[in-house]
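Asker: Here you go, sequence then predicted model.
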Amino acid sequence: MKPFQYIKATDTATALFSAKKQKSHYVAGGTNQVDLMKDNINYPDTLIDITTAISKDITATDKGIIIGAMVRNSTIANDKTVKDNYPLLAKAILAGATPQIRNMASTGGNLLQRTRCPYFFDTALPCNKRKPGSGCSAIKGDNRMAAIIGTSAECIAVHPSDMCIALAALDATVQVTTKDGSKQSILFKDFHRLPGTTPNLDNNLPENALITGIKIPVNNFYKNFSYLKLRDRDSYAFALISVAAALDMNDETIKDARLASGGVAHKPWRWYEAEAFLKGKKATQANFAQAASIATKGTKGFEHNAFKIPMLKAAIEVALTNCITV
Amino acid sequence: MDKQITISFSRRWFLKGTSALTALALIPRSVKAFFGDIRDQVFSRKQTIPITININKKEYAVVADSRTTLLDLLRENLHLTGTKKGCDHGQCGACTVHIDGQRMLSCLTLAAMLPGKNVTTIEGLADGDELHPMQEAFLECDGFQCGYCTPGQIMSAVACVNEGHTNSVEEIKEFMSGNLCRCAAYNGITEAIQKVAKQ
């Protein structure tokens, strides 16, 4: 690890001021940042500890819930309001990582975690995300875990989060304080980016800005929901495919649907077309199968990950079925 | 005449001498600063910071490199070698300790971030010569073979019981998935946790 100056920021103003220094990075939970620093993927000159600078509170209002960016993942998953009103989020969080990591990892950090593509971590090999312009080793290499939608000729990496898949499905908003101190709200669907020609950029967070919280609007998706994660082992593995599904039911009819997936794209992916199809339809196997077909029609596999397409199709069907049966 | 020469010699000698001394005093400093600047461009300067930390109910004050992880601080600086370094990347759980009662990974925790926190390691679990019930249970249930992952397993197991995630074998396995055991003593570990959970 390269030497760095450690600064403890006690409020957002200090954190933002310290971030004006050359090559400064924030650290919160440390589960991704410290790991990347050990691998010389991140090598800040200044490391700003923001654990006491941003909110650790979960605030519920009649309009929704605001989760402070410093709230640890396990705190969200165990929070009563979250479990009662936003259980999909709790379920997705518990599908990710391990108890130790969830006890450390912050909400803001979860959004900003980097891909787990093996070439991103191997500093001896080209990777456009780590070193822009060096090339993508995954396109013709080990791409078993890679994306099947929204890829570019420069990058086929996937976003590794489970929590973000639920946040995408629940139409969350990311609350941000920019470097000049002004506050911004970024819709979750606009927060993460597709690789395009700039795969080094994971998201649209303005430079040096701080995520201060996540807002989830009140919704009716707390009764019929499911999170299905398919992976190489039962626990503690990144998703090959994950599906967050939620239905707002009116008797047998689907009033509204949410469908999002992890392990498929560079960003948490929403299946808008399939959601639109389900709206107003009956909750039947045939309709679920049709929705899954609509979702998967734009997918494209690479040499080692084409298996993900039928896997995704089945996963969507099962996830939707689980919404009304489990 | 002789006297005058002596004086002028002395005066010239004085001027030369003082200028040389001044130059000598200045040059190394500017040279040092010059190389210092270059070094700062090429290598970042190491930062050492004072860290006060409570480990196993004992206060420690150490000065450490800002890069020091809690794991390295425990093992290298404080010689508390019970906590083990497995992967050093948060993938194996061998370095699990409790920070303010929560199980966390000491390999991904920077020591600089810990002042004011209470850390418990495997060394702090027993009460004098009396083992913690989980330590007893691991012995009785054969919850290990080589023993390298055991301190992490035990710290995680104690937290697993405290959190109440012991309602079924499946639940225990799910909530112990962050601790790998290459000897695969998983059945013994699960049994030990069930035993303590019943107490």
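Answerer: Okay, I see it. Numbers count the residues shown, from 1 in each chain, chains lettered A, B, ... in the order given.

Asker: if I've got this straight, B:Cys92 is in a helix?
Answerer: No: in this structure, B:Cys92 is coil, not part of a helix, as judged by DSSP: H, G, I helix; E, B strand; the rest coil.

Asker: how close does it sit to A:Ser74?
Answerer: Distance from B:Cys92 to A:Ser74, counting by Cβ to Cβ, to the nearest Å: 19 Å. All C-beta spots, glycine's among them, are computed from the backbone N, C-alpha and C.

Asker: just so I have it, where are all the helices in chain A?
Answerer: Listed in chain order, the helices of chain A (DSSP state H) span A:12-18, A:33-38, A:73-78, A:80-85, A:87-94, A:99-104, A:107-112, A:118-121, A:163-169, A:188-191, A:272-278, A:285-296, A:308-325.

Asker: Show me how far the fourth one is from its chain's centre.
Answerer: So the one you mean is helix A:80-85. Per Cα atoms, centre = their mean, to the nearest Å, the displacement of helix A:80-85 from the mean C-alpha position of its chain is 20 Å.

Asker: Ignoring the adjacent residues along the chain, who's closest to A:Lys83?
Answerer: When the adjacent residues along the chain are set aside, A:Lys83 lies closest to A:Ala90, with 5.2 Å between them (Cβ to Cβ, 6 or more residues apart in numbering or on different chains).

Asker: ok, that neighbour - how many residues close by?
Answerer: 19 (other Cβ atoms under 10 Å in any protein chain shown).

Asker: Check B:Thr150 too.
Answerer: By other Cβ under 10 Å, the residues close to B:Thr150 number 24.

Asker: Repeat that for the one 4 residues further on.
Answerer: Residues within reach of B:Ile154, counting by other Cβ under 10 Å, total 25.

Asker: That one: what's it in contact with?
Answerer: B:122, B:125, B:132, B:134-135, B:138 (Cβ atoms under 8 Å, 6 or more residues apart in numbering or on different chains).

Asker: Could you report the pLDDT at whichever residue of the stretch 201-326 of chain A sits closest to chain B?
Answerer: Across the stretch 201-326 of chain A, no residue is closer to chain B than A:Ser235, which sits at 3.6 Å (Cβ to the nearest Cβ). Model confidence at A:Ser235, expressed as pLDDT, equals 97.

Asker: how near is whichever residue of chain B sits closest to chain A to A:Thr197?
Answerer: Chain A sits closest to B:Gly178 of chain B, with a gap of 2.7 Å, by Cβ to the nearest Cβ. When distance is defined by Cβ to Cβ, B:Gly178 is 38 Å away from A:Thr197.

Asker: more crowded one of those two?
Answerer: Counting neighbours by other Cβ under 10 Å for B:Gly178 and for A:Thr197 shows that B:Gly178 has the greater number, 25 against 12.

Asker: Quick check: the more buried one touching A:Pro99?
Answerer: Yes: counting by Cβ atoms under 8 Å, B:Gly178 does reach A:Pro99; the two are 5.9 Å apart.

Asker: quick one, strands of the chain?
Answerer: In the absence of a named chain, chain A is used. With strands called from DSSP state E, chain A shows them at A:5-8, A:24-27, A:46-49, A:58-60, A:64-68, A:173-177, A:183-187, A:210-217, A:224-230, A:241-250, A:253-262, A:269-270.

Asker: my question was about chain B
Answerer: Taking DSSP E as the criterion, chain B carries its strands at B:48-55, B:58-65, B:96-99, B:102-105, B:118-120.

Asker: From A:Ala306, how far out is whichever residue of the stretch 1-150 of chain A sits closest to chain B?
Answerer: Among residues of the stretch 1-150 of chain A, the one nearest chain B by Cβ to the nearest Cβ turns out to be A:Thr98. It sits 2.7 Å away. Per Cβ to Cβ, A:Thr98 is found 30 Å from A:Ala306.

Asker: Looking at these two, which is more packed in?
Answerer: Neighbour comparison, A:Thr98 and A:Ala306: the larger count goes to A:Thr98, with 24 against 15 (by other Cβ under 10 Å).
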